[in-house]
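> Need the 3D shape of this:
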Amino acid sequence: MKIKVESLLQHKEKTIPVLSFPSTQLLNISIQELISSPDMQAKGMRAIAQRCAIGASLNMMDLSVEAEAFGATIRVSDDEIPTVEKGIIDDITMVDEIDVPAVGAGRTGLYIEGVRKAKEQITDIPVFCGVIGPYSLAGRLFDMTELMMECYDSPDEVHTLLSKATVFIKEYIKAFKAAGADGVVMAEPAAGLLSPMLAEEFSMPYVQEIFDAVNDDDFVICYHNCGNAASDMMPAIAQLHADIFHFGNAVDLQKAMDAMSEDQLVMGNVDPVLLRSGTPDEVRTAVCNVFDNFAKYPNFMISTGCDVPAAAKWENIDAYFETVKELYAQG
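Model (predicted):
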């Protein structure tokens, strides 16, 4: 187990939720302002680190930025996380026409600079970057439903698309590393919609290729999957060369714990929607439920199941952190 991961386990009370976009409330800015400014991204990360007892700081889990770099059409607003409105190909036979962009295209350069600036301002905990996984990116470049069908009908073309996505993601993470990132959180939620057999062909090999290309003893690799079918993929997921496995609230954490070895850190899976629509008491109950079921495992840490919504209530976010601290203090 890497030293940085061991350090996280030694301080489980410093939970690591996927928390970034609610920083707009702390800075009193719009989401559009946040995603357009490296300075604001770094300030947002620092504001969260100062307010919350976190074990690591994460930049934004924006699953549109890589697709935008390829040329996809993005929907951006002041109060909603960016989403892909339209991919870059309408037919899988067009895959050979896709050019892999240089890192820095679109907003990728801004996000890399945001992490560099955050590292200058946050010096007491690791700073992690966030990227999308290869199958999830491929679905945004084409069409998610059509891509699943083409896995059966046109597997060679799908593999070509995945290869191009993989090339870009590898270079993107390397650029984050050069900017000082201590680790990466890769979100591969679309793979959680596949059958285990399809995931093992069209997601896992490409995820592994990326991890192998960026891995070293000082760089932490985290794999995130919040798809409904991820529970049935655990034997294959456990074979990935990742240090941390982060799962959504739709995933059966017991299956994850059963599949992972003690040197594989598992995180999850408090429903992040509760932080927006629930009450502090409901958040406390949810945290306690996860703690009661999984705190007995030495390689488990509480986290949110996915990205905390931008409109989450800070009274609920505070309740989450306070409850985690109290529970671990009690043992």
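
> Give me the distance between the residue most central in space within the chain and Q10.
Centroid-nearest residue in the chain: A187, 4.0 Å away (criterion: C-alpha atoms, centre = their mean). Distance of A187 to Q10, computed by C-beta to C-beta, to the nearest Å: 26 Å. Backbone N, C-alpha and C define where each C-beta goes, glycine included.

> got it, and F128?
Remark: distance between F128 and Q10 (C-beta to C-beta) = 18 Å.

> When those two are compared, which one has more neighbours?
Taking neighbours as other C-beta atoms under 10 Å, F128 and Q10 compare with F128 leading, 25 against 9.

> quick one, what contacts that one?
F128 makes contacts with 56-59, 181-185, 220, 222, as judged by C-beta atoms under 8 Å, 6 or more residues apart in numbering.

> Would you double-check that it falls in a strand?
Yes. Checked against DSSP: H, G, I helix; E, B strand; the rest coil, F128 lies within a strand.

> State the number of residues packed around D263.
Neighbour count of D263, defined by other C-beta under 10 Å: 11.

> Now the strand or helix carrying Y152: buried residues?
With secondary structure defined by DSSP states H and E, Y152 is part of helix 144-153. Using 16 or more other C-beta atoms under 10 Å as the test for burial, helix 144-153 gives 146-148, 150-151.

> Can you show me the CA trace of that helix as CSV?
C-alpha atoms of helix 144-153 as CSV (Å, rounded to 0.1, in the frame of the first residue of the first chain):
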residue,chain,number,x,y,z
MET,A,144,-24.5,6.2,-24.8
THR,A,145,-27.4,4.0,-26.0
GLU,A,146,-26.0,3.5,-29.5
LEU,A,147,-22.5,2.7,-28.1
MET,A,148,-23.9,-0.2,-26.0
MET,A,149,-25.6,-1.6,-29.1
GLU,A,150,-22.5,-1.2,-31.2
CYS,A,151,-20.5,-3.2,-28.7
TYR,A,152,-22.4,-6.2,-30.3
ASP,A,153,-22.7,-5.0,-33.8
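
> What is that helix packed up against?
helix 134-141, helix 155-178, helix 196-202 (3 or more C-beta pairs under 8 Å, 6 or more residues apart in numbering; DSSP states H and E).

> which one of those has the most crowded surroundings?
Mean neighbour count (mean count of other C-beta atoms under 10 Å) peaks for helix 134-141 among these, with a mean of 27.

> Contacts for it, please.
When contacts are defined by C-beta under 8 Å, 6+ apart, helix 134-141 is touched by residues 63-64, 66-67, 70, 72, 84, 87-89, 98, 132, 147, 158, 161-162, 165-166, 168-169, 187-191, 194, 199, 202-203, 206-207, 210.

> and it with helix 144-153, angle?
Interaxial angle of helix 134-141 relative to helix 144-153 (axes from the mean of the first three to the mean of the last three C-alpha atoms, to 10 degrees): 120 degrees.

> got the buried residues for stretch 310-330?
Neighbour-count burial for stretch 310-330, counted by 16+ other C-beta under 10 Å, picks out 310-313, 316-317, 319-321, 323-324, 327-328.

> just stretch 253-265 next, same as before
Of all the residues in stretch 253-265, those buried under the rule 16+ other C-beta under 10 Å are 253, 255-257, 259-260, 264-265.

> Buried ones in the host helix or strand of M45, by neighbour count?
Assessed by DSSP H and E, M45 sits inside helix 38-51. Across helix 38-51, burial judged by 16+ other C-beta under 10 Å covers 38, 40-49.
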